[in-house]
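K.L.:
Any chance you could fold what I've pasted below:
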Amino acid sequence: SHPSYRHMADRCGTVFLQKQLNQQLTNHIRETLPSLRDKLQRQMLGLEKEVAQYKHFQPNDPSIKTKAMLQMIQHLQQDFERAIEGSGADGVNTMELSGGAKINRLFHERFPYEIVKMEIDEKVLRKEIAFAIRNIHGIRVGLFTPDMAFEAIVKTQIGRLREPSLKCIDLVVQELTNVVRAVTEKMQRYPRLREEAERIITTYIREKEQACKEQVMLLVDFQLAYMNTNHEDFIGFANASSDSQNAENTGKKLGKVTNQVIRKGYMAINNLGVMKGIGGSRSYWFVLSSESLSWYKDGEEKEKKFMLPLEQLKLRDLESSFMSRGHMFAIYNPEGRNVFKDFKTLDLSCEAQDDMDSWKASFLRAGVYPEKQTSEGTVGEGEEEGERRESVDPQLERQVETIRNLVDSYMKIVTTSCKDQVPKIIMFLMVNDAKAFINGELLAALYSTGDTQNMMEESADEALKREEMLRMYHACKEALNIIAEVSNVTLGGGASKMSTPSYGQSNAAPARRPPPPSASPRLPPARPAPGGLPPPLVPSRR
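P.N.:
As a prediction, the model looks like this:
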C-alpha cells in the first residue's frame, strides 16, 4: 500500500498468478494442438481401412457369415494360384524359394541329382554283367554275346528308378502342404473354417499322391515290359562292339563339347584356412564350367585364386563342423591324389540347403558325380582277387565291355525319358488337379459338411481384436472433436475467455484487483527507513 509500490500492485496476488498461468496454458495448447491433431488424424486414417468391415458387423447375421466365407475361399483360391504359378508381385517371398519355384527346383535339380546318385559303381556293374553272361551260357562255352544278359542288367537298373521317382513325389507333396498351410493363414479369423479347409485340401492332395505314385510305378513297369533296342538313340550291338576299346570314355564327355560356364556364385572353402592355422572359412566367387572349377576373390572375376580341372573328381557330403554352420560337401579324387596343392579334398559349404542342392546338380552337369554307396557293392579283398583271376578270359572281357556299352546307351534313353515324364505326371495328376479342386470343389466340400455356421464362429482373439480396434477408432474420433472445440476457443479470439476462469473463486469476482486504499486498517502506518528509502513491501493476506 506504500506509494512506492502502487505501480506494481496489479501484478501481485493469486488473481494475477491465475491469469499468467492461464495465458501460459493457452500458449502451450496453441503450440501443441496442430501436431497432436495431425498424429490423431494419421492414426484414424490407418484404422479406417480395418474398421470399415467392422462398422456394421453383426456376429450372428447369417448373410454376413456367408459373405465372409465366400471372400475367404476366393482369397484362398487366388493365393494358391499365385503361389504355384508365380503371378503377381504381392507378398513375394524374398528370403527363400517357395511354392512353384521350389517345385521347379525339385523337378530340374533335385530329381536328376537323386537319379545320378543311385547309379551303381562301375566295378560292381561289370561284375554283375560277367556273372549274368556266365549264368546264361551255363555249362556251355559261349561264342557270342548273349542279349539276355543285356536285358537282365537293364531291368535291374530300370527298377532302381522307382526310389528317386517316389522321393520326388514325396518332396512335391511336402511343398504343396506347406503352400496350403501358408495360404490358409489369412483365415485365422475363423479357426474352424481354416482347419476344415486345410484338412479337405490336404486329404485331396494325399489321395492324388497315391494315384501319382501308382502312375509312376506304371511308368517304370512300361519300361520294364519292353526293351526298344530299335530306338534311334540306341547304339546297337555293332557300334557297342566297335567302341569297346574306348569304353572308359563313353558317356564321360557327354555334353562337354565346349568349356561352357554352368554356374556362378559364392561358396566358402573350409579346409584351406585350417591348414594355415587361421581357422574358420573363407568365401570366394566360384565359376563352374564343364571342364574346370575356378574361384576368384569377388564377383568381378579379376583376381583368380585357382583353377581346378574336374577330370576324375568325385563329390561327397560332409557333416557341418563347429567352424562352419553351413551345409558342406567335398570334392576329392577317388585314387587318393591331391586335389588342390597339398590338400586331398576341397571342402565347400553353402549357407542354405537349396544352394547346396543347386551346386550339386550343376556339378552333375559338369560330370562330377557323387560317391557311390559302398554298402551294396562292397567286396572283400580275397573275393576281388579271385574275381580278377577269373576274369582273364579276353573273350569274356570283350563281351562284358559290349554289354556295358549297351547298358550305358539304353539307360541314358530311359533316364532321359524318366526325367521328362515324372514331372509331367506330378503336374497333371497332383498339382493341376489340386488347383482345379480348390477353384471348383472346395466350397461345395465345405458346405457338404453341414456345419458352416459353427465354422464361421470367430476366435476369441479376433473378437477382442475387433473390439479393441473399434474402441481405438472411436477414441481417436472423440479426441479430434475435442481438439476442434479447443482450437476454436484458443485460436478463434477466445483467449480472454480462457484466461478468466478462476480456481476456487466464483465467476462474479472482479477480473482485476482494485487499487489498495491509502492506509491499511490492519497495519499501522510504516515509518520511512533510514536514508529516505520506502519500507519493505508486506504481502497482502486477502
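
K.L.:
list the buried ones in stretch 452-467?
P.N.:
If you call a residue buried by 16 or more other C-beta atoms under 10 Å, then stretch 452-467 has these buried ones: 452, 455-456, 458, 466. Every residue, glycine included, has its C-beta placed from N, CA and C.

K.L.:
what's the closest of the residues you listed to Gly367?
P.N.:
Met455 (56.1 Å; C-beta to C-beta).

K.L.:
correct me, but that closest one touches Arg192?
P.N.:
Yes: Met455 lies in contact with Arg192 (C-beta atoms under 8 Å); the separation is 4.6 Å.

K.L.:
Next, show the common contact partners of those two.
P.N.:
Here Met455 and Arg192 share no contacting residue, scored by C-beta atoms under 8 Å, 6 or more residues apart in numbering.

K.L.:
picking that back up, any idea which of the buried residues of stretch 452-467 is closest to Cys12?
P.N.:
Arg466 (57.9 Å).

K.L.:
Checking the closest one next. Helix, strand or coil?
P.N.:
helix (DSSP: H, G, I helix; E, B strand; the rest coil).

K.L.:
Please report the distance of it from Lys186.
P.N.:
Here Arg466 is placed at a distance of 16 Å from Lys186 (C-beta to C-beta, to the nearest Å).

K.L.:
And for Gln20?
P.N.:
58 Å.

K.L.:
ok, now Gln453?
P.N.:
21 Å.

K.L.:
who's in contact with Glu319?
P.N.:
The neighbourhood of Glu319, defined by C-beta under 8 Å, 6+ apart, consists of Met328.

K.L.:
what do you get if the cut-off is 6 Å, keeping everything else the same?
P.N.:
Residues near Glu319 by C-beta atoms under 6 Å, 6 or more residues apart in numbering: none.

K.L.:
can you check Glu301 too?
P.N.:
Per C-beta under 6 Å, 6+ apart, neighbours of Glu301: none.

K.L.:
can you rerun that using 7 Å?
P.N.:
285, 287 (C-beta atoms under 7 Å, 6 or more residues apart in numbering).

K.L.:
Am I right that it is in a helix?
P.N.:
No: applying three-state DSSP, one finds Glu301 to be coil, outside a helix.

K.L.:
and it, how far is that from Val287?
P.N.:
In terms of C-beta to C-beta, Glu301 sits 7 Å off from Val287.

K.L.:
Show me the shaky parts of the stretch 251-400 of the chain.
P.N.:
Applying pLDDT under 70 to the stretch 251-400 of the chain picks out residues 251-259, 272-280, 320-325, 372-395.

K.L.:
residue boundaries of the strands in it?
P.N.:
Using DSSP state E, counting those that start in this stretch, the strands of the stretch 251-400 of the chain run over residues 261-269, 282-289, 292-296, 304-309, 314-318, 327-332, 345-350, 369-370.

K.L.:
With the stretch 401-542 of the chain instead?
P.N.:
In the stretch 401-542 of the chain, no segments count as strands under DSSP E, counting those that start in this stretch.

K.L.:
start to end distance for stretch 222-229?
P.N.:
14 Å (C-alpha to C-alpha, to the nearest Å).

K.L.:
Name the surrounding residues that touch it.
P.N.:
151, 154-155, 158-159, 414.

K.L.:
Ile201: what's it in contact with?
P.N.:
Going by C-beta under 7 Å, 6+ apart, Ile201 touches 180, 438, 442.

K.L.:
ok, now which ones touch the first one?
P.N.:
The neighbours of Val180, taking C-beta under 7 Å, 6+ apart as the test, are 198, 201-202.

K.L.:
So which of those residues is the closest to Pro370?
P.N.:
Closest approach between the contacts of Val180 and Pro370, by C-beta to C-beta: Thr202, at 33.3 Å.

K.L.:
gap between that closest one and Arg110?
P.N.:
From Thr202 to Arg110 the distance is 22 Å (C-beta to C-beta).

K.L.:
quick one: which of the two has more around it?
P.N.:
Per other C-beta atoms under 10 Å, whichever of Thr202 and Arg110 has more neighbours is Arg110, with 22 against 16.

K.L.:
Please tell me how far the more buried one sits from Val422.
P.N.:
12 Å.

K.L.:
Could you do Ser358 as well?
P.N.:
For Ser358 relative to Val422 (C-beta to C-beta), the value is 19 Å.

K.L.:
Could you check which of these two has the larger neighbour count?
P.N.:
Neighbour comparison, Ser358 and Val422: the larger count goes to Val422, with 25 against 20 (by other C-beta under 10 Å).

K.L.:
For Glu114, see how far away the more buried one is.
P.N.:
Distance from Val422 to Glu114, by C-beta to C-beta: 11 Å.

K.L.:
Could you list the buried residues of stretch 13-24?
P.N.:
15, 18-19, 22.

K.L.:
chain center to it: distance?
P.N.:
In this view, stretch 13-24 has its centroid 65 Å away from the chain centroid, taken as C-alpha atoms, centre = their mean, to the nearest Å.
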